[in-house]
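J.: generate coordinates for the sequence data below:
(chains A and B)
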Amino acid sequence: MPNALLVGLSRQTVLQRQLDIVANNIANLNTTGFKADNAVFAEFLTSSAREEQFAAPDRRVSFVQDRMSWHDMRQGAFEHTGNPFDVAIDGDGMLVVQTAAGERYTRNGALQINNAGELVTASGDRVMGDSGPIVLQLTDRDVVITKDGTIKVREGTNLTSDSTRGKLRIVTFADPQQLQKDGANTFKAPDGVTPQPVPDANINVVQGSVEKSNVRSIIEMTQMIALTRAYTDVATMLQQQSELQRNSIQQLAEVPA
Amino acid sequence: MRALHTAATGMMAQELNVQVISNNIANMRTTGYKRQRAEFQDLLYEHVRRIGTQTSTQGNILPVGIDLGGGVKTVGTPRLMTQGTLSPTGADLNLAIRGEGFFKVLMPDGTFTYTRDGSFEMDAQGRVVTAQGNVIQPGVTIPNNAQSISISPAGQVSATLPGSSNATVLGQLVLTRFVNKAGLQAIGDNLFVETPASGPPQDGVPNTDGFGDLQQGQLEQANVEAVTEITDLIAAQRAYEMNGKVITAADQMQQSTSNLMR
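T.: Numbering: from 1, shown residues only, chains lettered A, B, ... in the order given. Prediction:
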């Protein structure tokens, strides 16, 4: 008898968690370089009692369990900002950021310069080039970031030739689902997962644009409607179940006159 | 229920976004104004099922886990220091900087501030001052009998004085630049001050060493683009509404749970 209640409960717990994921996606509708999360559920069977001990085979009860959340790695829309330090990566690839806790990977290309002239993210962490951080000089102007991520500037009064200040390190992962979100628009690679450099020919960096969040609001809204309905349905089922129990207790307790 | 709080962070972020956008729109016609943009980042994640956890004694590991995010935070409102368009005014002492650099302004308390607003005037002593009456640095004094003031792209101020057919050099204007000009702090009145993030000021002569040149009789308009701001405003408003809907959904779910109890 209590199985129905517990099955309903397992569904409700999972739905609440799914709403948490949807809420986080919607909260990050305008977050640059954000990648949406999705939940996947799995049926979870109770371990059956040993069948030889019963005359009739035991029925197995299935519960719901949330199995995983996966990152939707599809590309977000590009927004033109006109800021020379904004970069969006068209296609595969992530920027490498050096944080206090180690290397992190991000698609958020809204970059800045710090007081030492280093290229940093909005949280102040250094963006790595192929050979260490990228440092700009005080007299640099007309910053150009080429398709392969090379940062070129005009130095001082030099009108004719470019100076190179480094090349953005752009990496990819064999299975991006293995990456873990680490907040601040960054991903963390767990132990044993190593980034692969993207070949120069495949890099397509777009200067002056940022990649918007890839959350599709219509999908999130319909998902939210569906899961609130499912939750209410389960609640109704639980209510009917407890009604059933109450009725049976009342009726069985009636002593025939 | 976490979703309620997550949606609340989303609403707060969009509210701030609208605030930044409205300030940009309000300053669309402010000389030398530089637009701001709100930058968001996702908050910390709770790893409910951690990636890489062993699922069996045979060494099978979870290929993916469950990451529950906690919403969004505003990380900054960086200023976009791009060049604004120049508009001619015809006034002798109106200057626009084409390229890098700021005018240095001496405040009454002896500190320096920096501005791209070159709508200068002359005070009673003939000094070149900003619209608020603060003297620009290094100071240039123009005699009251000077005629046809001209300011070269390299910042040389000259004028014709009575009794002389040649122009007399009255002074040299200087520009200041910073490694990270987006790190300057705006203090209102179109003025910026140096911060630890901007790096120290570096003075230089206009039109040399990467400094911009000066355009007399022009003013630099704000770099706000109406279309960008309005589309951003629409996006922010919709995002705000949707976060509100999440709160409603979470509320409904909680309500149906509490209705179970009779």
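J.: next helix or strand past the helix-or-strand element of chain B with minimal mean pLDDT?
T.: Across the helices and strands of chain B, mean confidence by mean pLDDT, DSSP states H and E is lowest for strand B:45-49: a mean of 77. Where DSSP states H and E defines the elements, the next helix or strand beyond strand B:45-49 is strand B:66-69.
J.: touching, A:Pro176 and A:His71? I think so.
T.: Yes - using CB atoms under 8 Å, A:Pro176 is in contact with A:His71, at 6.6 Å. Using the backbone N, CA and C atoms, a C-beta is placed for each residue, glycine as well.
J.: am I right that B:Thr6 sits in a strand?
T.: No - counting by DSSP: H, G, I helix; E, B strand; the rest coil, B:Thr6 is located in no strand; its state is helix.
J.: and A:Gln239, helix, strand or coil?
T.: Once three-state DSSP is applied, A:Gln239 turns out helix.
J.: which one is it nearest to, not counting chain neighbours?
T.: Nearest residue to A:Gln239, sequence neighbours excluded (CB to CB, 6 or more residues apart in numbering or on different chains): B:Leu260, at 5.7 Å.
J.: how about the one you found, what does it touch?
T.: By CB atoms under 8 Å, 6 or more residues apart in numbering or on different chains, the contact list for B:Leu260 reads A:235, A:238-239, A:242.
J.: okay, now the unreliable bits of the chain?
T.: If you meant another chain, say so; for now it's chain A. By pLDDT under 70, the weakly predicted segments of chain A are A:1-2, A:46-59, A:257.
J.: meant chain B actually
T.: Across chain B (using pLDDT under 70), the flagged ranges come out as B:63, B:262.
J.: just want the most central residue of it.
T.: For chain B, the residue sitting closest to the mean C-alpha position, by CA atoms, centre = their mean, is B:Arg79 at 2.7 Å.
J.: my understanding was that that residue contacts B:Ala182; is that so?
T.: Yes - using CB under 8 Å, B:Arg79 is in contact with B:Ala182, at 5.3 Å.
J.: hang on, the earlier thing: element containing the residue nearest to A:Gln239?
T.: Using DSSP H and E, B:Leu260 maps to neither a helix nor a strand.
J.: please name the bridge partners of A:Ala39.
T.: Going by DSSP bridges, A:Ala39 is paired in beta bridges with A:Ser69.
J.: can you pull the contacts of it?
T.: Applying CB under 8 Å, 6+ apart to A:Ala39 gives the contacts A:14, A:17-18, A:21, A:66, A:68-69, B:66.
J.: give me the distance between it and B:Asn259.
T.: Per CB to CB, to the nearest Å, A:Ala39 is found 25 Å from B:Asn259.
J.: bridging residues for whichever residue of the stretch 51-200 of chain B sits closest to chain A?
T.: Closest to chain A within the stretch 51-200 of chain B is B:Gly69: 3.5 Å, counting by CB to the nearest CB. Beta-bridge pairing for B:Gly69 (DSSP bridges): B:Tyr45.
J.: so it touches B:His47, yeah?
T.: No - with contact defined as CB under 8 Å, B:Gly69 does not count as touching B:His47 (10.6 Å).
J.: which of these two has more neighbours?
T.: Higher neighbour count among B:Gly69 and B:His47: B:Gly69, with 25 against 16, using other CB atoms under 10 Å in any protein chain shown.
J.: residue contacts, the more buried one?
T.: Each residue near B:Gly69 by CB under 8 Å, 6+ apart is listed here: A:20-21, A:24, A:27-28, A:37, A:181, A:183, B:6, B:42-46.
J.: go with 7 Å
T.: By CB atoms under 7 Å, 6 or more residues apart in numbering or on different chains, the contact set of B:Gly69 is A:24, A:37, A:181, B:42-43, B:45.
J.: farthest pair within the residues you listed?
T.: For those, with distances taken as CB to CB, the pair at the greatest spread is A:Asp37 and B:Leu43 (13.0 Å).
J.: more crowded one of these two?
T.: More neighbours surround A:Asp37 than the other of A:Asp37 and B:Leu43, with 25 against 19 (other CB under 10 Å).
J.: tell me who's in contact with the more buried one.
T.: Applying CB under 7 Å, 6+ apart to A:Asp37 gives the contacts A:21, A:24-25, A:69, A:71, B:67, B:69.
J.: re the thing from before, what's the closest of the contacts of B:Leu260 to B:Ser164?
T.: Set against B:Ser164, the nearest of those by CB to CB is A:Ala235 (93.9 Å).
J.: what residue in chain B comes nearest to chain A?
T.: Closest point on chain B to chain A, by CB to the nearest CB, is B:Gly10, at 3.0 Å.
J.: helix or strand for that residue, which one?
T.: Element membership for B:Gly10 (DSSP H and E) is helix B:2-26.
J.: in that helix, what's buried?
T.: Using 16 or more other CB atoms under 10 Å in any protein chain shown as the test for burial, helix B:2-26 gives B:2-14, B:17-18, B:20-21, B:24-25.
J.: ok and that helix relative to strand B:45-49, angle-wise?
T.: Inter-element angle recorded for helix B:2-26 and strand B:45-49: 150 degrees (by axes from the mean of the first three to the mean of the last three CA atoms, to 10 degrees).
J.: who does the helix or strand just after helix B:2-26 pair up with?
T.: With elements assigned by DSSP H and E, the helix or strand that comes after helix B:2-26 is strand B:39-42. Using DSSP bridges, strand B:39-42 pairs in its sheet with strand B:72-76 (antiparallel).
J.: after the partner strand, which helix or strand is next?
T.: Remark: after strand B:72-76, the chain's next helix or strand is strand B:86-88, criterion DSSP H and E.
J.: those residues of the stretch 151-257 of chain A touching chain B, which are they?
T.: Counting by CB under 7 Å from any CB of the partner chain, the residues of the stretch 151-257 of chain A close to chain B are A:156-157, A:177-178, A:180-185, A:190-191, A:217, A:221, A:224, A:228, A:231-232, A:235, A:238-239.
J.: mind doing that once more with 8 Å?
T.: Within the stretch 151-257 of chain A, the positions lying close to chain B (CB under 8 Å from any CB of the partner chain) are A:154-157, A:175, A:177-178, A:180-185, A:190-192, A:217, A:220-221, A:224-225, A:227-228, A:231-232, A:235-236, A:238-239, A:242.
J.: among these, name the ones in strands.
T.: Among these, DSSP state E puts A:154-155, A:180-181 in strands.
J.: count of neighbours near the closest residue to chain B within the stretch 1-150 of chain A?
T.: Residue of the stretch 1-150 of chain A nearest chain B, by CB to the nearest CB: A:Ala27 (3.0 Å). By other CB under 10 Å, 34 other residues sit near A:Ala27.
J.: which helix in chain B has the most residues?
T.: Selection of the longest helix in chain B by residue count, based on DSSP state H, yields helix B:226-258.
J.: hang on, the earlier thing: roughly how far does the residue nearest to the centre of chain B sit from B:Asp67?
T.: B:Arg79 is 33 Å from B:Asp67, by CB to CB.
J.: and for A:Gly76?
T.: From A:Gly76 to B:Asp67 the distance is 18 Å (CB to CB).
J.: likewise for B:Gln237?
T.: From B:Gln237 over to B:Asp67 (counting by CB to CB), the distance is 29 Å.
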